[in-house]
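Asks: sequence unknown, structure follows:
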DNA sequence: TATATTTCCTACCATTTTGGTAGGATTAAG
DNA sequence: CTTAATCCTACCAAAATGGTAGGAAATATA
């Protein structure tokens, strides 16, 4: 399950995407609009920043904005920054690889094979740019 | 990430599948063969039993065996029994549905839409019968 | 320069989850 | 009646989760 941190982070990034104003957006404003505990959000914003997903400016009128064009940001990036690996078992994770210590031969491990398949199905979806999440027009003829 | 409970449970079920002996298999034997802490395994076996995945017989010579043909058991069933929902957010889970409280309209929630897609890609794989995990012949011509 | 508003940073903390352990009661085969 | 198994209740330490508290540093504006 996605952690609350990750959920808040996603909402924050989408909020910043929806508000591409000239001026950066303050944490207080995001917290109010998105209903995220202020101090907790600060903490999350710091993480997003160290992972280069947002940038900030300090002082009065300071705030946050996306560090790159939204077309280069994906949900997968946010999830990895907040919760770590996306794969369900560590031994198939690309960036967080770890032996799971459960099998003695990764090549033949049946469990690993199955979860590798799962991961390779989820990844392309989670790695889509967040711009693709814009409220879908999907079917302009329906209703 | 998959919990250790779930991993052990999967290994246990696969072990039982691989040992369709007349006599049931003891927890001690499974623990030794699969390197699972004995007492922890007992606890897991109880859970697998209450979820109808295995059955047991007591007394000397007692033990465990699958409660149904392996063709009717899937990794998804084991995961749900151990860790609960498979979906990454609760508001798209079929059997563990819960509002995630994060959006005010599930129909239009962009996050929900994306994770619904993820779930519907993972599920068919995880719901395959464990019989399909038998060491794959895959490509008899390779090497 | 003073003040207000912001980010930044270091702690701390309660609750839940995870990964077990301990000890004994109960059942059944020999 | 002994032995080997399941079953059951309870406990426990460590880690993860979801926050809070308090203040320092930066910057715009009056």
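Replies: Great, that's in hand. Predicted model, so just to flag it, every value in this text is computed and none were measured.
Asks: hey, what's the closest residue to residue A:24 other than its chain neighbours bridged with?
Replies: Distance criterion C-beta to C-beta, 6 or more residues apart in numbering or on different chains; nearest residue to residue A:24, sequence neighbours excluded, is residue A:63 at 3.2 Å. C-betas here are computed from N, CA, C, even on glycine. Taking DSSP bridges, one obtains residue A:57 as the residues bridged to residue A:63.
Asks: For residue A:63, give its distance to DNA strand D.
Replies: 11 Å (C-beta to the nearest atom of the strand, to the nearest Å).
Asks: Counting neighbours, what do you get for that residue?
Replies: 20 (other C-beta atoms under 10 Å in any protein chain shown).
Asks: Isn't it up against residue A:22?
Replies: No. With contacts counted by C-beta atoms under 8 Å, residue A:63 stays clear of residue A:22, the gap being 11.1 Å.
Asks: tell me which parts of chain A are close to DNA strand C?
Replies: A:26-28, A:42-43, A:45-46, A:49, A:56-64 (C-beta under 7 Å from any atom of the strand).
Asks: Would you mind listing which of the residues you listed are buried?
Replies: When the residues of chain A next to DNA strand C are checked for burial by 16 or more other C-beta atoms under 10 Å in any protein chain shown, the buried set is A:27, A:45, A:56, A:63-64.
Asks: Which positions in the longest helix belonging to chain A come out as buried?
Replies: If you go by DSSP state H, chain A has its longest helix at helix A:110-126. Neighbour counts over helix A:110-126 (16+ other C-beta under 10 Å) mark A:110-116, A:118-119, A:121-123, A:125-126 as buried.
Asks: can you pull out the strands in chain A?
Replies: Ranges of strands within chain A are A:54-57, A:63-66, based on DSSP state E.
Asks: just so I know, which of the ones you listed lies nearest residue A:134?
Replies: strand A:63-66 (14.7 Å; C-beta to C-beta).
Asks: residues contacting the most centrally placed residue in chain A?
Replies: Among the residues of chain A, residue A:78 comes closest to the average C-alpha position under C-alpha atoms, centre = their mean, at 1.9 Å. The contact partners of residue A:78, taken as C-beta atoms under 8 Å, 6 or more residues apart in numbering or on different chains, are A:6, A:9-10, A:13, A:48, A:53.
Asks: give me that answer again for 7 Å
Replies: Residues near residue A:78 by C-beta atoms under 7 Å, 6 or more residues apart in numbering or on different chains: A:6, A:9-10, A:13, A:53.
Asks: Same check on residue A:13?
Replies: For residue A:13, the contact set (C-beta under 7 Å, 6+ apart) comprises A:53, A:73, A:78, A:130.
Asks: how close does the first one sit to chain B?
Replies: It refers to residue A:53. Look at residue A:53 and chain B: by C-beta to the nearest C-beta, to the nearest Å, they are 16 Å apart.
Asks: In contact with residue A:45, which residues?
Replies: The neighbourhood of residue A:45, defined by C-beta under 7 Å, 6+ apart, consists of A:27, A:54, A:64.
Asks: correct me, but residue A:89 touches residue B:2?
Replies: Yes. Residue A:89 is in contact with residue B:2 according to C-beta atoms under 7 Å; the separation is 5.5 Å.
Asks: Quick one: the strands of chain A as a markdown table, columns for mean pLDDT too.
Replies: Formatted as a markdown table, the strands of chain A follow (pLDDT from 0 to 100):
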| stretch | mean pLDDT |
| --- | --- |
| strand A:54-57 | 97 |
| strand A:63-66 | 97 |
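Asks: which stretches of chain A form helices?
Replies: So, for chain A - with DSSP H - the helices run A:4-18, A:27-34, A:38-50, A:75-83, A:110-126.
Asks: chain center to stretch A:117-136: distance?
Replies: Remark: stretch A:117-136 is offset 11 Å from the chain centroid, using C-alpha atoms, centre = their mean, to the nearest Å.
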